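Undergrad: Quick check, what structure comes out for this input:
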Amino acid sequence: MKIVMTLVARDEADIVDTQIRYHLEAGVDFVIATDHRSTDRTTDILREYERAGHLRLIRRDEAGFAQSTWVTEMARVAAVDHGADWVVNSDADEFWWPRSGSLREVLAAVPPGFGAVRGIWRNFVLRADGGEPFYERMTIRRRPSPDLADPYAAHVKVAHRADPNVLVVQGNHDARGAHLRLLREWFPFEILHFPIRSRAQLERKYSSGAYLRGHKARVPQHTGAMETRIRQDAAAVYRQLLVDDTESDRGIREGMLTSDTRLRNAVRGHETQLPTLDDDIDLANDVATFLETDAGRRVLARTDKVERRLAHLEEASLTHLLQAKLLGS
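TA: Predicted coordinates:
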């Protein structure tokens, strides 16, 4: 089995090396990365992996952020040019953690009648930056929010069997294809998610709404909401998101926060511990939060589809009327 990971990155130098190295060690065979207008060391890091034969680099300099188009292109290239059996679509701040077994064992266990499985976000909170790597200080995870405008909202991402005609939707939340039936009720992967890691990165990340609007894709709710808040008072937003030791201790006692050192331990080379019953219950609660919002997302997607169809029909009808009027005159 050959596993290829797709990756979109923009100014992710603080995390992208750890992300790629982790996945190559976890069982990913090759990475296809799209670098979108990075101005920090991200491009240099990706080129190092390219020179080592582990990565294929694509540079994008457009103003618009066409994520679905780019990831779909990479996923198709993985199938056609790189002989992939499975494709894992990831962002630079995501670490795919198999719940049981290895990445390869999980994907091999997917029944033949299914072509896609999902991983669920496990969100890690912002901690004070003392100059150490993000994985050393960001060891506190929080319960997901059902509010899609929250940067810690409940979300899933998709891995799928390689398909030269696949369509990966915006956000990597789903993959569509003739043979990509989703195994909907199984979440074999946790995606350890580190979305906000410093004040500078926070402001850079959520200025993305400006260039997202240069493309036809819908701006994610949390991106638009955070962009507005940061434009009003970036310092206040940073303070609200920052979790200090006092807040951490209180959150752990109240069950909103959890100490989670898995990524730190993995990077250090420590042995992975099997999940406990409490870990299983904690994951089940996060899955339940996602499932409560999943139905709403599906309704929204159908509504968007209907609205686009109606707009097309109205445009066609108007064109027909104008043509009839011109012919009649």
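
Undergrad: Specify the beta-bridge partners of Ala33.
TA: Leu7, Leu57 (DSSP bridges).

Undergrad: List the contacts of it.
TA: 6-9, 20, 46, 49, 55-58 (CB atoms under 8 Å, 6 or more residues apart in numbering). From N, CA and C alone the C-beta is placed, and that goes for glycine too.

Undergrad: again, 6 Å this time
TA: Neighbouring residues of Ala33 by CB atoms under 6 Å, 6 or more residues apart in numbering: 7, 46, 55, 57.

Undergrad: do Asn165 as well
TA: So Asn165 contacts Gly177 (CB under 6 Å, 6+ apart).

Undergrad: One more: Arg60?
TA: 34, 36.

Undergrad: need the strands for the stretch 101-250 of the chain, in chain order.
TA: 116-123, 140-142, 156-161, 167-168, 175-176, 189-193 (DSSP state E, counting those that start in this stretch).

Undergrad: nearest to Ser259, of these?
TA: Across the strands of the stretch 101-250 of the chain, Ser259 has its closest neighbour in strand 140-142 (6.3 Å, CB to CB).

Undergrad: Any regions of this structure where pLDDT drops low?
TA: 208-219, 295-329 (pLDDT under 70).

Undergrad: quick one: His133 from Asp14, how far?
TA: You called it His, but residue 133 is Pro. 8 Å (CB to CB, to the nearest Å).

Undergrad: Between these two, which is the more surrounded one?
TA: Taking other CB atoms under 10 Å, Pro133 and Asp14 do not tie; Asp14 has more neighbours (20 against 14).

Undergrad: so how far is Pro144 from that one?
TA: On the measure of CB to CB, Asp14 and Pro144 end up 23 Å apart.

Undergrad: cool, Trp121 as well?
TA: Where Pro144 is concerned, Trp121 sits at a distance of 7 Å (CB to CB).

Undergrad: Pick out whichever of the two has more residues nearby.
TA: Pro144 (23 against 20).

Undergrad: wait, isn't Gly115 in contact with Leu183?
TA: No. Using CB atoms under 6 Å as the test, Gly115 is too far from Leu183 to be in contact (8.5 Å).

Undergrad: Among those two, which residue is more densely surrounded?
TA: Gly115 (22 against 15).

Undergrad: Now the more buried one: phi and psi?
TA: phi -120, psi 0 (degrees, to the nearest 10).

Undergrad: Please apply the same query to Pro133.
TA: The phi/psi pair for Pro133 (degrees, to the nearest 10) is phi -60, psi 150.

Undergrad: Name the nearest residue to it, ignoring sequence neighbours.
TA: Distances taken as CB to CB, 6 or more residues apart in numbering put Thr18 closest to Pro133, at 7.1 Å, once the chain neighbours are dropped.

Undergrad: The one you found: which element?
TA: helix 16-26 (DSSP states H and E).

Undergrad: how about the CA coordinates for that helix, as PDB?
TA: Taking C-alpha atoms only, helix 16-26 is exported to PDB below (Å, rounded to 0.1, in the frame of the first residue of the first chain):
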ATOM      1  CA  VAL A  16       5.600  22.400   8.800                       C
ATOM      2  CA  ASP A  17       8.900  20.600   9.300                       C
ATOM      3  CA  THR A  18       7.500  18.800  12.400                       C
ATOM      4  CA  GLN A  19       4.300  18.000  10.500                       C
ATOM      5  CA  ILE A  20       6.000  16.400   7.500                       C
ATOM      6  CA  ARG A  21       8.600  14.500   9.600                       C
ATOM      7  CA  TYR A  22       5.800  13.100  11.900                       C
ATOM      8  CA  HIS A  23       3.800  11.800   9.000                       C
ATOM      9  CA  LEU A  24       6.700  10.300   7.100                       C
ATOM     10  CA  GLU A  25       7.700   8.400  10.300                       C
ATOM     11  CA  ALA A  26       4.000   7.400  10.900                       C
END
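
Undergrad: circling back to that earlier point, pull up the overlap in contacts between Gly115 and Leu183.
TA: Counting by CB under 6 Å, 6+ apart, nothing touches both Gly115 and Leu183.

Undergrad: ok, back up a step: quick check: angle from the helix holding Thr18 to strand 189-193?
TA: In terms of direction (axes from the mean of the first three to the mean of the last three CA atoms, to 10 degrees), helix 16-26 departs from strand 189-193 by 160 degrees.

Undergrad: ok, and what's touching helix 16-26?
TA: Contacts for helix 16-26 (CB under 6 Å, 6+ apart): 5, 9, 31, 42, 45, 49, 92, 95, 103.
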